[in-house]
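Student: Quick one: sequence and predicted model below, then my questions.
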Amino acid sequence: MTFTPEQEDLRASVRKLLDRETEPWPALCAQVGVAALTVPKRFGGFATEPATQPADPADPTHRACPIRPSSSTDSADPAHPDQSIGLTEVQIVAEELGRNLTDVPFLGSSVLAVTSLLATTNTNATNTEAPALARLLPALAEGTVGALAWTSDGRWDPLQPAFTADVSIVDGTAHYVLDATGADVLLAAARTPDGPALFEVDPAHPGVRCEPVPTMDETRHLATVTLDRVRARPLGRVDLARVRDVACAVLAAEQVGAASRALELTVEYTRHRVQFGRPIGSFQALKHRMADLHVLVETSRSAAYAAPASSRLAAVAKVHCSEVFAEVAAEMIQLHGGIAITWDHPAHRYFKRAHAAAQLFGAPHHHLSRVHP
């Protein structure tokens, strides 16, 4: 996988900012514009939209993203909105956030919430024809936090959203809602007679209950959202299969970043940990183990950045990157020894993130049928 100089500059900018800022979300939005990377230019963002989109989500060649995948000649400089920005830039940001397990609402807000809005039937309408998009997307591009309430059972089934809707009355309970606590924009996917549809819900409505859920991975915030016959604003039918593919592609890049950093920390530790008068990294058995991990990380990186090309490749990335990150995190614990199970060492955080992230947007085995239809 090769990146343009502009994409490498984006990576370097995000990494430098994360090293500098303790509360990075405001700076990421104001200085780098990460929240605007998924929002099309006509709604105040930086993203370049595709000229056409396939109509059948079941088609294996179905595009995974309503944002244009970047080509090798695209530029990713948010300071020049005339240049092309696509999902590759979004994945680069996610990979850097994954390296440090950064606690920001990028995945829940900038990816899930924005993509669900772009996947509604009125996406191609003008700003005057789609007033909800024209109102919500510019705010999300500036860093306003949004959340998408979707799944009831953790499978993220595109045809079975958590809620039911009777015209504009939405009812039901959604689990595992990313970044819902404190979100200013709350979106709900609901079943209707015409298929899954998206609704905008007022988070302050008395019929809305948002309850934080304790998580093993403390850097990932989940909540249970209950709507008790809440009157909501219909936004149109929504292609949740497309939303899931985008989410899997971006999550895969995040997993690659975390796995890569976990391996870096492990290699560095084996260079300094001395046993029998030698650094343990000089032992052939450990060299082979770390070489195998390096191959796994690089193949997962290839799978992640290929994911936007089709729905099937998004499923491949979801399965492979989840398995690779879990294996690297487990080996990180083993190769660090006793220190890895202490609270002060970051190894346990990577291990927890690996297993928690594997379940997001459907466990890997749920996606195998899409890999081998």
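Tutor: Sure, I can see it.
Student: Quick check: neighbours of the helix or strand bottoming out on mean pLDDT in the chain in the sheet, parallel or antiparallel?
Tutor: Lowest on mean pLDDT, DSSP states H and E among the helices and strands of the chain sits strand 274-275, with a mean of 86. Paired with strand 274-275 in the same sheet, following DSSP bridges, are strand 278-279 (antiparallel).
Student: tell me the mean pLDDT over the partner strand?
Tutor: If you average the pLDDT over strand 278-279, you get 90.
Student: thinking again about what came up before, centre of the chain to the least confident helix or strand of the chain, how far?
Tutor: Relative to its chain's centre, strand 274-275 lies at 39 Å (CA atoms, centre = their mean, to the nearest Å).
Student: try stretch 19-37
Tutor: Worked out by CA atoms, centre = their mean, stretch 19-37 lies 16 Å from the chain centre.
Student: do stretch 150-170 as well
Tutor: With CA atoms, centre = their mean, you get 20 Å for stretch 150-170.
Student: what's in contact with that stretch?
Tutor: Outside stretch 150-170, the residues that touch it by CB atoms under 8 Å, 6 or more residues apart in numbering are 57, 112, 149, 171-177, 188-192, 195-197, 199, 201, 227, 229-234, 239-241, 243-244, 247, 359, 361-363, 366. Every C-beta, even on glycine, is put in place using the N, C-alpha and C of the backbone.
Student: can you tell me which of these are in helices?
Tutor: Applying DSSP state H to the contacts of stretch 150-170, the entries found in helices are Leu240, Ala241, Val243, Arg244, Ala247, Gln359, His366.
Student: What about the fourth one, how many residues nearby?
Tutor: For Arg244, the tally of surrounding residues (other CB atoms under 10 Å) stands at 28.
Student: so what's it up against?
Tutor: Residues near Arg244 by CB under 8 Å, 6+ apart: Trp156, Pro158, Ala314, Phe361, Gly362.
Student: So what's the residue count around the second one?
Tutor: When neighbours are counted by other CB under 10 Å, Pro158 registers 19.
Student: Could you measure from it over to Ala174?
Tutor: From Pro158 across to Ala174, the span is 14 Å (CB to CB, to the nearest Å).
Student: Repeat that for the fourth one.
Tutor: Applying CB to CB, the value for Phe361 to Ala174 is 14 Å.
Student: ok, now the first one?
Tutor: For Trp156, the distance to Ala174 equals 11 Å [CB to CB].
Student: In the stretch 251-373 of the chain, where is pLDDT below threshold?
Tutor: 373 (pLDDT under 70).
Student: number of nearby residues for Glu6?
Tutor: 20.
Student: circling back: so which of the contacts of Arg244 wins on neighbours?
Tutor: Ala314 (34 neighbours).
Student: so which strand or helix has that one?
Tutor: Using DSSP states H and E, Ala314 maps to helix 311-336.
Student: Show me what that helix is packed up against.
Tutor: helix 240-272, helix 284-306, helix 347-359, helix 364-371 (3 or more CB pairs under 8 Å, 6 or more residues apart in numbering; DSSP states H and E).
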